[in-house]
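In: What follows is a predicted protein model with its sequence.
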Amino acid sequence: MAKILLVEDNEMNRDMLSRRLQRKGYEVALAVDGRQGVEMGQSGEYDLILMDMSLPDMDGWEATRRLRATDGSGRIPIIALTAHAMAGDREKALEAGCDDYDTKPIELPRLLGKIEALVGGD
Amino acid sequence: MNHRGALAHRQAALLRLSTAIAAADDEKEIYQSVVDGLHDEALGYNFLGVFLLDPETGDRVLQASVGWPDAPANMRVHAGEGLSAQAIRDGQLHYTPDVTQATDYLASLASGSEVDVPLRFDGETIGVLVVESSVPQAFGEEDFEILEAAVNQTGIAIGRARLLAAERRRVNEHKALLDTMADLSSELELSRVLQAVIARAVTLLGVTGGEVAIYDEETDELVVLASENIGKDSIGTRLKPGEGAMGNVAQTLEPLIIPSYHEWRGRSEKYADVVVHSVMAAPLLIGQRLVGAIATVHSDPARVFGPEDLRLLNLFAPQAAVAIENARLYTSAQRQKQYFVALVRNSPVAIVTLNREKRIVELNPAFEELFGYSQEEAFGQDLDALIATEATRREAEQYTLDALDRPVHGIARRRRKDNTLVDVEILAVPVIVDGERVGLMGLYHDISELLRARRDAEAANSAKSQFLASMSHELRTPLNAIIGYSEMLQEEVEELGHVELQGDLEKIRTAGRHLLSLINDILDLSKVEAGKMDLHLETFEIGSMLDDVISTVRPLVAQNSNQLDVQRSGDMGAMRADLTKVRQMLLNLLSNACKFTQGGTITLAVVREGSEVVFNIRDTGIGMTPEQLGKVFEAFAQAEASTTSKYGGTGLGLAITKRFSRLMGGDVRVTSSPGEGSSFTIRLPAHVSAASVSSAATS
């Protein structure tokens, strides 16, 4: 099963989403802010990153831009997660280098669909 | 006597006589020239006198004499008496060789002989030349010729003198009137004008004194406002109609001559201490309206008012009346002007007036206070140079230019003397006097406070929206956890087979979802109201957008056993708008229709109309009353509190739909009646442009 890096500052969201994903069989690693997300993301250990956009220290857009700047041969898929379907957030996320985008609260079946679409080839 | 002088001497004397008569300026001088000339040694007449007839009494009044050292001035000979009466009667020369033989001879110095030569003017006998000698039989035919010639020349001279006098009088009258008029414009106060009027009247009529009173309509009294040489200070004296000479004429509106005032029954006690012999008074009228009265008096018992005096007074009175009326009108105009001046002075609004050359003529204290310039500093200055800033100079000049022509109104920023800026509302209007544009008036109202209050209010409103936005965000985070964990639990109980817990968990999840949509809607509304809702315009196919919306709404349609009827043409083409918001609007209206309709039909009809795309969503549901219809687009306006619990929804969907449509330059309208369903129509530009967005935002 694919290894997912979840970058999320909110503890409950982190706990909830990671447990639900693990139940679906995914291996989940956690980062609590943008800076940590970038460091872990650059390790090359993960198949996909779920990136919250409102993060302390460094926000999701900036973290995504940094990850994309250091992308080597393997381009890691990133799905942006935003708090609210604010018009423009989707565009902003894609501009920053995200591959897809979903809104919180998470509707698990929808999110799983998006994840599978990006890592399904594995 | 003629034989006693040489002919040449006599002719020289006669020539001198003629020259003297011709050179004389007035009648008195003429008469004196005649008697003096005839008294010449070469002619040898020693006792001479010229009498004039008084047309009133027929008396002969001595005008000039020679040889009668004690002859009284203005000596009168009563009509019919004396030798000269005959010449007056028949207009012929009469010779009395021996006066002692004549019965009607009046005693005189020269008790010899007498010649009476009538003095004629304009075909009438106006007087007589009396020549006496101390010896009888002193005159002969040659004397008669000389005297006749002298009298003829006198008549001609009198004619000329009278014409001259009339001319001079006319000039004087005219001058007096002109002076009065001049006074009127130079001396603004009514009583001063009247004093000038009466002073001239007294001079012109040659009387002792006089008074002018104005008529006070309120008290029905005459009030003496000007008094000239009356013998007392009568100014301020009040006379009732009928009281005294002026009171009398004020009542009769006719002029009046009182020959002997102290015997007159109508006299006023208020003038008991004044020595007045005769009085002449006239009303002062404007048309038939009484404006005052004028009176002139003689204190000399010998002076009596006659028709000539009345003629002069009648000539003068109307002019005096006009003078009074003009002064009164002027005073009233002055008062009115003062009234307006007071209005401007006391106005809390800064007022400045400019002349046609756009120079400051006047400014009020409020202007001084607002801009810090005193009247003295500002006078004659260019207003725009004074209070416009560099940035607003052109705009200010345009205001000024426009205001010379028509009223202008605007809001602008101006500079005070201390260089601080002030926001003002400007109202400027042309000043038009008698159809002529004489300048403009500008009103400046300090709206700094108002603008500050508005900015504060806007800031407060923006802060409120900001608060709502951030609070929504803060609320959402724990809510996400509630929803998420309830979903997780549902998944777990399903796996563990605890079916009995499913219902409660579902309730938690549903309530959480509802709360979430409420919060999202509030966030949307507050963003629109804070002006922070951005539009993300993109071009999309209307057809596929509709497919998406329809598939989303299908489960809702089925919930209440409704049918969905979609009416659209095959190829709807593309439109440019904010896709997310268009979807949200349609979903709002469709889910409403589903909620309020049971076992009916929901219709979605979409057409392109010109440059617009029109979405119509109608149902066969419960509909709305006119009252509900009136506030259907207000936030939280669901018909009643119970509706929300019965039908669900946040009560914000329509408010958001309305605001989104406006934001994109369109609109949404509704028709409905209770029990017959509702019909909502959204009209949007097929190509929402930045321009239509900004115009919608300001409207």
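Out: Looks like it arrived, so ask away.
In: okay, CA-based contacts and neighbour counts for the rest of this
Out: Noted.
In: could you say what helices and strands the host helix or strand of B:Leu516 packs with?
Out: Element membership for B:Leu516 (DSSP states H and E) is helix B:502-529. Where contact means 3 or more C-alpha pairs under 8 Å, 6 or more residues apart in numbering or on different chains; DSSP states H and E, helix B:502-529 is packed against helix B:448-496, helix B:653-663.
In: and the nearest residue to B:Pro430 once chain neighbours are set aside, backbone torsions?
Out: In space, and not counting its chain neighbours, B:Pro430 is closest to B:Leu440: 4.2 Å by C-alpha to C-alpha, 6 or more residues apart in numbering or on different chains. Dihedral angles of B:Leu440 (phi, psi; degrees, to the nearest 10) stand at phi -150, psi 160.
In: residue contacts, B:Leu440?
Out: B:Thr353, B:Leu354, B:Asn355, B:Arg356, B:Lys358, B:Thr400, B:Ala403, B:Leu404, B:Ala428, B:Val429, B:Pro430, B:Val431 (C-alpha atoms under 8 Å, 6 or more residues apart in numbering or on different chains).
In: Check chain A and tell me which residue is nearest its centre.
Out: A:Leu50 (1.3 Å; C-alpha atoms, centre = their mean).
In: what about the helix or strand harbouring B:Met545, average pLDDT?
Out: Assigned by DSSP H and E, B:Met545 belongs to helix B:542-559. Throughout helix B:542-559, pLDDT has a mean value of 90.
In: Give the next helix or strand downstream of the helix or strand B:Val607 falls within.
Out: Taking DSSP H and E as the criterion, B:Val607 maps to strand B:601-609. Proceeding N to C from strand B:601-609, the next assigned helix or strand is strand B:612-619, under DSSP H and E.
In: how far out from the middle of the chain is stretch B:559-578?
Out: 68 Å (C-alpha atoms, centre = their mean, to the nearest Å).
In: contacting residues around residue 90?
Out: Chain wasn't specified; assuming chain A. By C-alpha under 8 Å, 6+ apart, the contact set of A:Arg90 is A:Tyr101.
In: Report the distance from stretch B:287-304 to the chain centre.
Out: Stretch B:287-304 has its C-alpha centroid displaced from the chain centroid by 38 Å (C-alpha atoms, centre = their mean).
In: That one: end-to-end distance?
Out: 29 Å (C-alpha to C-alpha, to the nearest Å).
In: What of stretch B:118-138?
Out: Stretch B:118-138: ends 19 Å apart by C-alpha to C-alpha.
In: Contacts for it next, please.
Out: Residues contacting stretch B:118-138 (C-alpha under 8 Å, 6+ apart): B:1, B:45-53, B:60, B:84, B:87-88, B:91-93, B:97-99, B:109-117, B:151-152, B:154-156, B:158-159.
In: wait, doesn't A:Arg66 sit right on A:Glu39?
Out: No: using C-alpha atoms under 8 Å, A:Arg66 makes no contact with A:Glu39, being 9.8 Å away.
In: of these two, who's got more company?
Out: Each of A:Arg66 and A:Glu39 has its neighbours counted (other C-alpha atoms under 10 Å in any protein chain shown); A:Arg66 has more, 19 against 14.
In: Would you confirm that that one belongs to a helix?
Out: Yes: per DSSP: H, G, I helix; E, B strand; the rest coil, A:Arg66 lies within a helix segment.
In: Quick one, grab the pLDDT at it.
Out: At A:Arg66, pLDDT is 92.
In: Grab the nearest non-local neighbour of it.
Out: A:Val38 (7.0 Å).
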